[in-house]
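what follows is a predicted structure for the sequence shown.
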Amino acid sequence: MTAARKLICCTATVAALVMLGGCHMLAKPASNDPTFQVSKGDVTVSVIALGTIEPLSKVDVKSKVAGRIQRLYVHEGDTVRAGQILATIDPQQINSQVAALRAQLNQARAQLASAQKNVSFQRLQTSTLIAQDEQNVDSARARLRQALTQSNVQPQLTAQSVKIAQANLASAEASLKAQQDALKLLVTTTNPNAVISSQAAYDQARATNINATAELKRQQMLNERGYVSDQALDTARAAQQVAAAQLQDAANKLATIKQANTIQAENLTSQVESAKAQVSQMKAALVQAQADTLPMTRRDDVTAAQAALKLATAQLASAQSGVLQNLMRKDDAAAASANVQQIRNQLDAEIVQQHDTTLYAPMTGVVTKRYVEQGDLITSGIDSFSSGTPVYQVADLQTMLVKIPVNEVDIDKIKRGMHADISVDAVPGVTFVGVVDKVAPAASSYTSTSTTSTSSSDAGVIKFPVEIRIDHADPRLRPGMTANCTVIVADHKGVLRVPEECIVGTGTHCSVLVVHATTDKKGKAAQTAVSVPVTVGLRGSNYAEIVSGLTEGMTVKSAPYTGPKRQGISIQGGP
């Protein structure tokens, strides 16, 4: 083939292509436009978006106590019931602390019982001494009145005087015996018990201070390594300071009790000696009364009676000072009771932590994640820097949720309770049913993981989060799947409709080109299109509802092209 022929063929081919392209781009819609029949059917308006399936309810199970995972009872995919055991934390350290606190509680209870007994004994002893000394004061006053009366009349000693002296001697001997018994009881029982109780409290406080100091050093070392929080270190420091204060208080109480015991023993010893002196005096008075029956003045009797009254009054005041001892014993009992309560509270807290070493399922569902392995160390969910180490994730897969971002143009169409069709790539050809559960009142930065491939042109589009709930979810739907959601905004069944491309205009009052069959001047069959006004109802993506203006069976055609004029292509021949 010659070059000229090749050029002519090439030019003809290009011209043909241009003519075909020009006919497609420049032709106005005429008889070649497609026609459609007006028919009845469904008109649906929907909003389509991609989202991610996730459970409506899911919980990360964490431990309240830190430690090493001792055993894991379930695995991913297992179904669990609320309250079922999921895992256990090694409880050895907590068990040791519980045992130690129980021993301390028993010791504290024993100390409290001893302190309460000392309170009762001290109260009884004080009341007995006060009653005896009050009786002695009354007797001394009676003797003084009698001595004054006899000194006025100057009577002789009679048998009555002997009886009085005998009574006085018996009273003095009884008082002496009571004082000796009280001194013996104080020396052999009361004071030793008080010292033993205070010494035990001091030893306990000293042991607690040693343990608190060691714990503080251990917490400081763990804190420096980042294993425990500053809060735990502050707690250990506060516990050490409290233990040190309790040790100082116990030491002060022990010294006070020893000093008080010494003073009390000295007071009772003095009272015993006074009672002995009074017995000797009463014996001498009785001998004098029995031997001397001659008249004598009563001046010496008055003086003796006055001295006896003064002594009895002093003894009564000394006995009444024992009320202070009652208060001290009561304070000791109160301190012992507070110590019992404090240890009981610590024990209760440790028992709670002991119970927390077993992790239970917080809800009925399926284990969707297992974060740790047996033997791993985990942190507490309430005492660590972060929110703690999760062990499992339990989710209720009976009710699933699809979160979709909806364009601001469509958000006003979506209402709560609307029907939604959901499909997933994993189950092709199957449509699942959901219901719109939540519509966000404001735009959010939420972006579904399935929409990360969206073009950059959507970057400036405002999105509103919408949640679609799937009740009684199919087991084939799994968390993390990408879901294609179609929210049915409106659905009119069995209405008169035409294709959306046939509608000319916007709003409810539009027009449609209705095709009528005619004949041309040569008598051949032809078609003419007449613009007919119509009332448009619901407009979907494919069809529009015709409320009035058309009847079923009419033929309509696509609306004419109203876009910009197409540019032709000019091809020049070669040289």
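Cool, the structure landed.

quick check: next helix or strand after the helix or strand hosting residue 284?
Element membership of residue 284 [criterion: DSSP states H and E] is helix 230-291. Downstream of helix 230-291, the next assigned helix or strand under DSSP H and E is helix 299-320.

mean confidence for the helix or strand that that following helix is followed by?
Per DSSP H and E, the first helix or strand lying C-terminal to helix 299-320 is helix 322-356. Taken as a whole, helix 322-356 has a mean pLDDT of 87.

what sits up against the helix or strand just after helix 322-356?
Scanning forward in sequence from helix 322-356 by DSSP H and E, the next helix or strand is strand 358-360. By Cβ atoms under 8 Å, 6 or more residues apart in numbering, the residues outside strand 358-360 that reach it are 61, 63, 83, 84, 85, 86, 87, 88, 89, 391, 392. (C-beta placed from N, C-alpha, C; glycine too.)

how about strand 358-360: buried residues?
358, 359 (16 or more other Cβ atoms under 10 Å).

partner strands of that strand, with direction?
strand 85-89 (antiparallel) (DSSP bridges).

quick check: angle from the partner strand to helix 322-356?
Interaxial angle, strand 85-89 versus helix 322-356 (axes from the mean of the first three to the mean of the last three Cα atoms, to 10 degrees): 120 degrees.

mind checking what helix or strand follows strand 85-89 in sequence?
Strand 85-89 is succeeded, C-terminally, by helix 92-153 (DSSP H and E).

tell me the helix or strand right after that following helix.
Assigned by DSSP H and E, the successor of helix 92-153 is helix 159-185.

now the angle between helix 230-291 and that following helix, please.
Calculated by the same axes, to 10 degrees, helix 159-185 forms an angle of 150 degrees with helix 230-291.

quick check: mean pLDDT across helix 159-185?
Helix 159-185 comes out at a mean pLDDT of 78.

that one - contacts with which helices or strands?
Packed against helix 159-185 by the contact rule (3 or more Cβ pairs under 8 Å, 6 or more residues apart in numbering; DSSP states H and E) you find helix 92-153, helix 230-291.

and residue 34, which of those is closest to it?
helix 230-291 (76.1 Å; Cβ to Cβ).

packing partners for that closest one?
In terms of contacts (3+ Cβ pairs under 8 Å, 6+ apart), helix 230-291 is packed against helix 159-185, helix 191-224, helix 299-320, helix 322-356.

in a markdown table: these, plus mean neighbour count and distance to residue 108.
Output for the helices and strands packed on helix 230-291, formatted as a markdown table (neighbours: other Cβ atoms under 10 Å; distance: least, Cβ to Cβ, whole Å):
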| stretch | mean neighbour count | distance to residue 108 |
| --- | --- | --- |
| helix 159-185 | 17 | 26 |
| helix 191-224 | 17 | 8 |
| helix 299-320 | 18 | 33 |
| helix 322-356 | 17 | 5 |
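
and those helices: which comes nearest residue 477?
Closest approach to residue 477 among these is made by helix 322-356 (34.6 Å; Cβ to Cβ).

give the next helix or strand downstream of the worst-scoring helix or strand of the chain on mean pLDDT.
In the chain, no helix or strand scores lower on mean pLDDT, DSSP states H and E than helix 3-26, which sits at a mean of 36. Sequence-wise, the next helix or strand downstream of helix 3-26 (DSSP H and E) is strand 35-37.

paired strands for that following strand, with orientation please.
Strand 35-37 pairs in its sheet with strand 555-557 (antiparallel), by DSSP bridges.
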